[in-house]
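Student: next come a sequence and a model predicted from it.
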Amino acid sequence: MNMIQAVVTNGKIEIQAPSDFHEGDTVFVIVLNHSASDEPLSTE
């Protein structure tokens, strides 16, 4: 598994560096820092 860093801007996830992803690739996102609320993230 490769790890990349990204930020959310206007509700969209933006990768901060060039990547090898191609148009239409499927990626999975795991949130490591959730500051929008104090509620813990669910496993769903």
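Tutor: That came through fine.
Student: show the pLDDT at the closest residue in space to F21 that isn't next to it in sequence.
Tutor: Nearest residue to F21, sequence neighbours excluded (Cβ to Cβ, 6 or more residues apart in numbering): V27, at 6.8 Å. All C-beta atoms are positioned from the backbone trio N, CA, C, and that covers glycine. Looking at V27, its pLDDT is 86.
Student: any idea how far V27 is from A17?
Tutor: Distance, V27 to A17, by Cβ to Cβ, to the nearest Å: 14 Å.
Student: kindly report the same for V8.
Tutor: In terms of Cβ to Cβ, V8 sits 16 Å off from A17.
Student: compare these two (neighbour count), which wins?
Tutor: Applying other Cβ atoms under 10 Å to V8 and A17 shows that V8 carries more neighbours, namely 11 against 7.
Student: quick one: neighbours of I4, just the number.
Tutor: The tally of other residues near I4 (other Cβ under 10 Å) stands at 13.
Student: so it makes contact with S19?
Tutor: Yes - counting by Cβ atoms under 8 Å, I4 touches S19, with 6.2 Å between them.
Student: direction included, what does the host helix or strand of V7 pair up with?
Tutor: In this structure, V7 is located in strand 6-9 according to DSSP states H and E. Next to strand 6-9 in the sheet, as set by DSSP bridges, lie strand 12-15 (antiparallel).
Student: now the chain, which segments are flagged as low pLDDT?
Tutor: Residues of the chain that meet the criterion pLDDT under 70 lie in 1, 34-44.
Student: which residue is nearest the middle of it?
Tutor: V29 (4.4 Å; Cα atoms, centre = their mean).
Student: correct me, but it touches K12?
Tutor: No - with contacts counted by Cβ under 8 Å, V29 stays clear of K12, the gap being 11.6 Å.
Student: what's the spacing between the closest residue in space to I4 that isn't next to it in sequence and A6?
Tutor: Computed as Cβ to Cβ, 6+ apart, the closest residue to I4 that is not its neighbour in sequence is I15, at 5.7 Å. Distance of I15 to A6, given as Cβ to Cβ: 5 Å.
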